[in-house]
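> give the three-dimensional model of this entry:
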Amino acid sequence: MTRRKLIFLITEDWYFWSHRLPIARAARDAGFEVLVATRVDQYKERIENEGFKLIPIGLERKSRNVFKEILSIFDIVKIYRRERPNIVHHVAVKPVLYGSLAARIAGIFGVVNALAGLGFIFVAKGWKAKILRQLIVFACRSAFLAKNTIGIFQNPEDLKLFINAGIVKSEKAALILGSGVDTSHFIHLSEPGGIPTIVLASRMLWDKGVGEFVVAAKMLKKDGIECRMILVGKPDPENPASVSEETLWSWRAEGIIEWWGHQEDMLSVFSQTNIVALPTTYGEGVPKVLIEAASCGRAIVATDVPGCREIVRHNENGLLVPSHDPKVLADAIKKLIENPELRAKMGARGREIVKTEFSEKIVVRQTMEVYKKINPQITQINADFEK
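Residues are numbered from 1 along each chain as shown. From the prediction side, this is the model:
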């Protein structure tokens, strides 16, 4: 039997590595040749060492140059025509739009369009953002309604929005909660002693609630609450909402927060953490950092928005707070600082939720079912999908 091909189209190699690696491994182990079409930065060797074929592309998230974008679409068409994949798995808005068009031109039968949240363009303000959103919605109708396409959504609000807008039909959509985590790696950790430590780990974007976190830190300090407020992550120059390094260094110099920059080993970060916060207003899918934190037994404070409310159950494994309200955020953090027994109870409950609803095994199995739905012949390849 000819070996089947699966291509992931994704803008950044780091995002493939952090969010789609388990699915790619499962497909490889089931007999697929896995190819990754992405912009190559720091993960070339790691991706290739997994046995995946890496195809560098020039697709940029921030680019608005029409000529350059058209060339990107034709580059994807060339890749699809040359490789003739059985399935293409597009991740995020731009790969979904460009990849779906390229797949149609190239005559590719199986298309998976995965939206890991709706991203900054759906929360950005101003007339330009409004026009761009309308254009994206129009283009998505074409991308998702194609006969050979199934959409994957990470939270029910995004799925409902797309169904109600007539962008996708319910029978051609799947709800898969997040990207999953390896619960055998992100184990339940005992809390560290000493001064309580609160961590916000994400790209350093205003839309991720970094500003509200800093204001909350100032409020807690003013109220005499002893704690360490820590930002983990780096700026994202490709995102208009990125916080500058200068701003981050100035906050650190003032003694408001600590900034640890990008950290590869999040298990080590959580081992030094008592509470995890994410006051985001970004168009989230289900934030992976919150799933990882819950898996490690950490109480969570997050905004009551789509994606966060899927993993954070208010008063069960964390606290949900309103968007853009640093005072309520500070009060919620203070409540958890002052109640270690409540933190422990919430942490244990969070671990249970992850194991039963958000584990890597669940996400991989559900994604494989989507692949089978697109091409029933895939079931003939390997029974490992069922394990």
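
> by contact count, what packs against the helix or strand harbouring residue 15?
Using DSSP states H and E, residue 15 sits within helix 13-19. Counting by 3 or more C-beta pairs under 8 Å, 6 or more residues apart in numbering; DSSP states H and E, the packing neighbours recorded for helix 13-19 are strand 33-39, helix 44-49, strand 87-91. In this view, the C-beta of every residue, glycine as well, is placed from N, C-alpha and C.

> looking at those, spot the one closest to residue 148.
Nearest of these to residue 148, taken as C-beta to C-beta: strand 87-91 at 9.6 Å.

> what sits up against the closest one?
Under the criterion C-beta atoms under 8 Å, 6 or more residues apart in numbering, residues 4-10, 15-16, 19-20, 23, 80, 96, 99-100, 103, 108, 110-114, 116, 371, 374-375 lie in contact with strand 87-91.

> most neighbours per residue, which of the helices and strands packed on helix 13-19?
For these, the largest average neighbour count (mean count of other C-beta atoms under 10 Å) is found in strand 87-91, namely a mean of 28.

> got the buried residues for the helix or strand that that one is followed by?
Downstream of strand 87-91, the first helix or strand assigned by DSSP H and E is helix 93-106. By neighbour count on 16 or more other C-beta atoms under 10 Å, the buried set for helix 93-106 is 93-104, 106.

> quick one, domains of the chain?
Structural domains annotated on the chain: 5-180+359-386, 197-358, as defined by automatic domain parsing.

> tell me the most buried of those?
Across those, the average number of neighbours (mean count of other C-beta under 10 Å) peaks for domain 197-358, which reaches a mean of 20.

> now the strands for the stretch 251-387 of the chain?
Counting by DSSP state E, counting those that start in this stretch, the segments of the stretch 251-387 of the chain that form strands are 258-261, 275-278, 299-303, 318-321.

> measure stretch 104-116 end to end?
With C-alpha to C-alpha, to the nearest Å as the measure, stretch 104-116 spans 22 Å from end to end.

> residues touching residue 212, list them.
By C-beta under 8 Å, 6+ apart, the contact set of residue 212 is 279, 324-326, 329.

> between the strand or helix carrying it and strand 299-303, how big is the angle?
Using DSSP H and E, residue 212 falls within helix 210-222. With axes from the mean of the first three to the mean of the last three C-alpha atoms, to 10 degrees defining the directions, helix 210-222 sits at 120 degrees from strand 299-303.

> thinking again about what came up before, in CSV, list the strands of the stretch 251-387 of the chain along with mean pLDDT and distance to residue 164.
CSV is the format used below for the strands of the stretch 251-387 of the chain (pLDDT from 0 to 100; distance: least, C-beta to C-beta, whole Å):
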stretch, mean pLDDT, distance to residue 164
strand 258-261, 97, 41
strand 275-278, 98, 27
strand 299-303, 98, 23
strand 318-321, 98, 24
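
> what's the closest of those to residue 168?
strand 299-303 (25.9 Å).

> please, which helix or strand holds residue 143?
Going by DSSP H and E, residue 143 is in helix 127-145.

> so for that helix, what's the average pLDDT?
Helix 127-145 comes out with an average pLDDT of 69.

> can you start the count at 56 instead of 1 from here on
I'll keep to 56 as the first residue from here, and by that count the last item is helix 182-200.

> what's near enough to touch the residue lying closest to residue 415 once chain neighbours are set aside?
Distances taken as C-beta to C-beta, 6 or more residues apart in numbering place residue 235 nearest to residue 415, at 3.8 Å, with adjacent residues excluded. Taking C-beta under 8 Å, 6+ apart, we find residue 235 in contact with 77, 346, 413-419.

> wait, residue 317 touches residue 289, no?
Yes - Residue 317 lies in contact with residue 289 (C-beta atoms under 8 Å); the separation is 4.4 Å.

> quote the end-to-end distance of stretch 239-250.
With C-alpha to C-alpha applied, stretch 239-250 spans 28 Å between its terminal residues.

> ok, residue 303 touching residue 285?
No - counting by C-beta under 8 Å, residue 303 does not reach residue 285; the two are 11.7 Å apart.

> mutual contacts of those two, please.
Listed as contacting both residue 303 and residue 285 by C-beta under 8 Å, 6+ apart are residue 314.

> any idea which of the buried residues of helix 148-161 is closest to residue 131?
Residue 131 lies nearest to residue 157 out of those, by C-beta to C-beta, at 3.9 Å.

> what does the model give the closest residue to that closest one other than its chain neighbours for pLDDT?
Leaving aside its sequence neighbours, residue 157 sits nearest to residue 131 (C-beta to C-beta, 6+ apart; 3.9 Å). We have a pLDDT of 97 for residue 131.

> same thing with residue 438?
45.

> with residue 273 instead?
Per-residue confidence (pLDDT) for residue 273: 97.

> wait, isn't it in contact with residue 311?
Yes - counting by C-beta under 8 Å, residue 273 does reach residue 311; the two are 6.0 Å apart.
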